[in-house]
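Student: Give me a 3D structure for the following:
(one chain, ligands or ions: 2)
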Amino acid sequence: MITLKTVLTLLKNDQNFRDIIDNNQYFSEPTTDTTFDKISYDSRDVTPSTLFFAKGLNFKPDYIRDLEIAYYISEIDYGLSIPAIIVSDVKHAMSMIAMHFYEMPQNALKTLAFTGTKGKTTAAYFAKNILDTYNGGKTAMLSTMNTTLDGKTYFKSQLTTPESLDLFRMMREAVTNGMTHLVMEVSSQAYKTARVYGLTFDVGVFLNISPDHIGPIEHPTFEDYFYCKRQLLKNSRYAVVNSDMAHFDFVKSELTSEHDFYGDASEHPISNSEAFSFSTLGAAFEIQLIGRFNQENAVAAALASIRLGASLADAQIGIAKTTVPGRMEVLTQANGAKVFVDYAHNADSLDKLIGVVSPYQTGKITLIIGTTGNKAESRRQGIGELLEQRPLIDVILTADDPSFEDPADIAREIASFITRPVRIIVDRETAIQTALAETENPSDAVIIAGKGVDAYQIVDGVHMPYDGDRVIAERYL
Ligand SMILES: CC(=O)N[C@H]1[C@@H](OP(=O)(O)OP(=O)(O)OC[C@H]2O[C@@H](n3ccc(=O)[nH]c3=O)[C@H](O)[C@@H]2O)O[C@H](CO)[C@@H](O)[C@@H]1O[C@H](C)C(=O)N[C@@H](C)C(=O)N[C@H](CCC(=O)O)C(=O)O
Ligand SMILES: Nc1ncnc2c1ncn2[C@@H]1O[C@H](COP(=O)(O)OP(=O)(O)OP(=O)(O)O)[C@@H](O)[C@H]1O
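Tutor: Ligands and ions are numbered 1, 2, ... in the order given. Reported below is the predicted structural model:
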């Protein structure tokens with residue numbers, strides 16, 4: 001519950017309030033003694049005592065024109081018969097009001113947030129397992145794939161970082177469920193669209209940065225993407241940063257909170273790095289996820305979790321038992337060839353993935369990859385240029401969430417950066433079946449990159465059923 005008076009006080013304290021318009025009259029103080037028992041940004045989910053937020057690129061005033069709601073908050077006066085609270089920034093208003101509506105759940109949780117171009121989900125899974133070992137399974141998690149508010153039941157996430165109204169509701173539910181810790185991924189979009197506005201995390205981790213998510217609906221430039229990501233460190237009481245990341249000196253120069261670094265250029269380098277083990281922080285670790293970058297993700301999660309109370313032994317146990325659905329999963333075909341299923345879907349992570357596979361697989365390596373339509377368009381050139389530099393990799397280009405674009409056109413665009421012949425097999429299952437049928441012996445490998453266990457393909461803006469790369473690969477082993 002929240003009163004109109006409190007809403008206005010919050011907005012005024014945040015210098016966000018402009019005016020109330022009720023019946024063509026302007027007011028700066030509450031005109032009624034209203035209490036809201038629901039907040040919503042979706043007209044399909046309101047009651048008469050709902051405080052409604054009109055926001056978003058595709059919002060239409062017709063959604064609420066005929067609704068019986070007490071007030072709406074908006075940057076624009078839509079001239080409706082519903083009283084309007086006009087603000088300068090509706091996303092800021094949503095976050096400030098949501099955290100108070102849900103009674104500041106962040107005060108009852110130790111919060112740990114990961115940002116970075118790559119590794120957020122993996123690091124979040126490492127941290128959940130470490131913290132669960134410490135607190136007996138009381139860690140909620142919000143990740144790109146899965147969300148759990150009771151530490152054990154998972155449901156599919158809509159966004160990497162939810163809208164503020166959903167975020168604070170979920171945080172309150174986690175507290176009600178007895179959770180003591182929350183691990184979450186914070187995307188650059190979350191800062192760009194103020195989904196975590198006003199929230200201070202106990203620990204914020206910056207994993208790495210490379211050009212990505214640049215396109216019409218995401219970030220106009222790399223500068224904007226990088227700036228948004230850095231906001232996590234400004235809004236965390238304690239920062240953990242990868243000393244090997246691009247622009248590290250600049251990130252370091254901006255730090256104002258207490259902090260720790262990991263990586264080769266820090267006091268916590270990784271040593272004795274083998275496929276399934278490594279050493280750091282003065283201890284030996286076992287790990288199921290191969291790849292040096294996963295060892296980096298693990299160290300980041302360990303440092304952050306230790307800051308929140310976990311011990312080094314908790315970190316060793318948590319890291320050893322972590323697997324992440326669709327990330328670096330290895331299957332073996334009847335002929336002994338290996339199939340690597342991984343979520344890599346930009347040039348940087350693809351480069352790392354190929355780097356992990358090629359030392360072990362000395363035969364023919366076939367890569368199946370595509371990239372999204374209507375989003376992150378710069379990935380096409382990045383992936384194409386990378387594959388041009390890997391002449392020994394046999395490439396099959398396929399569909400990966402083409403959305404409103406033609407997947408064959410996307411594939412041809414990637415192929416335009418590669419001078420050797422590459423195959424285009426648009427149907428993803430056929431591409432996987434073809435590659436698996438071509439392997440001959442244990443030194444061969446197929447890398448299926450991009451969708452992991454995602455059980456959909458976005459086609460014409462709609463999530464169409466897709467079995468997921470791992471399930472399909474298992475079918476043709
Ligand atoms: C740019 C952006 O942040 N977009 C998100 C945003 O959209 P929006 O605010 O513009 O809202 P909209 O979808 O245009 O709809 C307008 C409003 O009308 C309302 N509505 C709609 C229909 C109706 O009948 N009644 C009604 O009230 C809707 O509830 C909505 O509030 O809010 C929507 C939910 O409220 C999100 O679904 C949408 O994410 C889009 C689909 C998206 O794909 N975002 C990506 C870029 C994103 O945020 N990705 C990052 C991860 C990036 C990474 O991997 O690092 C993430 O955090 O998920
Ligand atoms: N530290 C890292 N550096 C580079 N690549 C990584 C790193 N960690 C993971 N990857 C690669 O990126 C892929 C995605 O990993 P993960 O899902 O953990 O990252 P994410 O940041 O959550 O990604 P996204 O924002 O695309 O959802 C992995 O499948 C792996 O190929």
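
Student: Please count neighbours and contacts with C-alpha atoms only from this point.
Tutor: Will do.

Student: which secondary structure element contains the spatially most central residue of the chain?
Tutor: Centroid-nearest residue in the chain: residue 160, 3.6 Å away (criterion: CA atoms, centre = their mean). Assessed by DSSP states H and E, residue 160 sits outside every helix and strand.

Student: what residues are up against the residue lying closest to it once chain neighbours are set aside?
Tutor: Here the nearest residue to residue 160 in space, its sequence neighbours aside, is residue 144; by CA to CA, 6 or more residues apart in numbering that works out to 4.1 Å. Residue 144 makes contact with 121, 157, 158, 159, 160, 161, 185 under the criterion CA atoms under 8 Å, 6 or more residues apart in numbering.

Student: Write out the residues of this protein neighbouring ligand 2.
Tutor: Residues of the chain lying close to ligand 2 by CA under 6 Å from any ligand atom are 116-122, 144, 293-294, 297, 327, 342-344, 349, 352-353.

Student: What about those, which are in strands?
Tutor: Secondary structure from DSSP state E places residue 342 of the residues of the chain next to ligand 2 in strands.

Student: In contact with whichever residue of the stretch 151-300 of the chain sits closest to ligand 2, which residues?
Tutor: Nearest to ligand 2 in the stretch 151-300 of the chain, going by CA to the nearest ligand atom, is residue 293, at a distance of 4.4 Å. Shown in contact with residue 293 (CA under 8 Å, 6+ apart): residue 352.

Student: Buried only: go through the residues of the chain next to ligand 2 for me.
Tutor: Using 16 or more other CA atoms under 10 Å as the burial test, the residues of the chain next to ligand 2 include 116-122, 144, 293-294, 297, 327, 342-344, 349, 353 as buried.

Student: per-residue pLDDT, the residue lying closest to residue 235 once chain neighbours are set aside?
Tutor: In space, and not counting its chain neighbours, residue 235 is closest to residue 200: 4.9 Å by CA to CA, 6+ apart. pLDDT, residue 200: 98.

Student: Residue 188 is in contact with the residue nearest to the centre of the chain, correct?
Tutor: No - in this structure residue 160 lies outside contact range of residue 188 using CA atoms under 8 Å: 9.8 Å.

Student: Give the burial count for the nearest residue to residue 96 once chain neighbours are set aside, as a bare number.
Tutor: Nearest non-adjacent residue to residue 96, counting by CA to CA, 6+ apart: residue 198, 6.5 Å away. Neighbourhood size, residue 198 [other CA atoms under 10 Å]: 14.

Student: Over to residue 412?
Tutor: 18.

Student: tell me the contacts of it?
Tutor: So residue 412 contacts residue 424 (CA under 8 Å, 6+ apart).

Student: Residue 74 too?
Tutor: Counted by CA under 8 Å, 6+ apart, residue 74 has contacts 53, 54, 55, 84, 85, 86, 87, 89, 90.

Student: hey, what's it bridged with?
Tutor: residue 86 (DSSP bridges).

Student: Could you export the contacts of residue 74 as JSON lines, including pLDDT, distance to ligand 1 and neighbour count?
Tutor: Shown next, in JSON lines, are those (pLDDT from 0 to 100; distance: CA to the nearest ligand atom, whole Å; neighbours: other CA atoms under 10 Å):
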{"residue": "53", "pLDDT": "98", "distance to ligand 1": "8", "neighbour count": "23"}
{"residue": "54", "pLDDT": "98", "distance to ligand 1": "7", "neighbour count": "24"}
{"residue": "55", "pLDDT": "97", "distance to ligand 1": "5", "neighbour count": "19"}
{"residue": "84", "pLDDT": "97", "distance to ligand 1": "15", "neighbour count": "27"}
{"residue": "85", "pLDDT": "98", "distance to ligand 1": "16", "neighbour count": "30"}
{"residue": "86", "pLDDT": "98", "distance to ligand 1": "16", "neighbour count": "19"}
{"residue": "87", "pLDDT": "98", "distance to ligand 1": "16", "neighbour count": "22"}
{"residue": "89", "pLDDT": "98", "distance to ligand 1": "12", "neighbour count": "19"}
{"residue": "90", "pLDDT": "98", "distance to ligand 1": "10", "neighbour count": "23"}
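
Student: Okay, now the unreliable bits of the stretch 201-350 of the chain?
Tutor: Judged by pLDDT under 70, the stretch 201-350 of the chain has no weakly predicted residues.

Student: can you tell me which of the buried ones among the residues of the chain next to ligand 2 are up against ligand 1?
Tutor: When contact is defined as CA under 6 Å from any ligand atom, those do not meet ligand 1 at all.

Student: going on from the host helix or strand of residue 19, what's the next piece of helix or strand?
Tutor: Using DSSP H and E, residue 19 falls within strand 17-22. Counting by DSSP H and E, the next helix or strand C-terminal to strand 17-22 is strand 25-27.

Student: same for that following strand, what does it pack against?
Tutor: On a contact count with 3 or more CA pairs under 8 Å, 6 or more residues apart in numbering; DSSP states H and E, strand 25-27 meets strand 17-22.

Student: Average pLDDT for the strand it packs on, rounded please.
Tutor: Mean predicted confidence for strand 17-22 is 97.

Student: Now do it: which elements does it pack against?
Tutor: Right, strand 17-22 is packed against strand 25-27, strand 84-87 by 3+ CA pairs under 8 Å, 6+ apart.

Student: quick one: strands adjacent to it?
Tutor: Short version: by DSSP bridges, strand 17-22 pairs with strand 25-27 (antiparallel), strand 84-87 (antiparallel).

Student: mean confidence for the shortest one?
Tutor: This points to strand 25-27. For strand 25-27, the mean confidence score works out to 96.

Student: what comes into contact with it?
Tutor: 19, 20, 21.

Student: any chance of these in CSV, plus neighbour count?
Tutor: Formatted as CSV, those follow (neighbours: other CA atoms under 10 Å):
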residue, neighbour count
19, 18
20, 24
21, 21
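
Student: still on that earlier bit, who touches the strand holding residue 19?
Tutor: 8, 11, 26-29, 77, 81-88.

Student: I'd like to know which of these are buried.
Tutor: For those, a neighbour count by 16+ other CA under 10 Å gives the buried set as 8, 11, 77, 82, 83, 84, 85, 86, 87, 88.
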